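*Asks:* any chance you can model this:
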Amino acid sequence: MKKLLKIGELAGLVSVLPSTINFYTNEGLLKAAARSRGGYRLYDKDYALAQIKRIQKFQIDKRLTIEEIKKLIT
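*Replies:* Numbers count the residues shown, from 1 in each chain. You can find the predicted model right below:
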């Protein structure tokens, strides 16, 4: 069974602000798995952690822009 996380929980696991998760989602780099009854985005833990690590690696190690990252992972 998949473990779904709210944005704040996910942000805490990867040490970023929730606004960063929102940004990645709005840019199409990260996909929410579902919505809660209250309308909150829910993220699959394994997928989201792996995807955020990929994004961060491209940003930090490779110094790529968001547009360049989009071309690589979407």
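*Asks:* wait, a helix at Ser19?
*Replies:* Yes: Ser19: assigned to a helix according to DSSP: H, G, I helix; E, B strand; the rest coil.
*Asks:* count the residues that sit near it.
*Replies:* Neighbours of Ser19 under the rule other C-beta atoms under 10 Å: 10. (C-beta placed from N, C-alpha, C; glycine too.)
*Asks:* what of the one 3 residues further on?
*Replies:* Residues within reach of Asn22, counting by other C-beta under 10 Å, total 14.
*Asks:* give the buried residues for the lengthiest helix in the chain.
*Replies:* Counting by DSSP state H, the longest helix found in the chain is helix 45-60. Within helix 45-60, the residues that qualify as buried by neighbour count (16 or more other C-beta atoms under 10 Å) are Lys45, Ala48, Gln51, Ile52, Ile55, Gln56, Phe58.
*Asks:* which helix or strand lies directly C-terminal to it?
*Replies:* Per DSSP states H and E, the first helix or strand lying C-terminal to helix 45-60 is helix 66-73.
*Asks:* quick one: residues contacting the spatially most central residue of the chain.
*Replies:* Centroid-nearest residue in the chain: Leu30, 4.3 Å away (criterion: C-alpha atoms, centre = their mean). Contacts for Leu30 (C-beta atoms under 8 Å, 6 or more residues apart in numbering) come out as Ile21, Tyr24, Tyr43, Ala48, Gln51, Ile52, Ile55.
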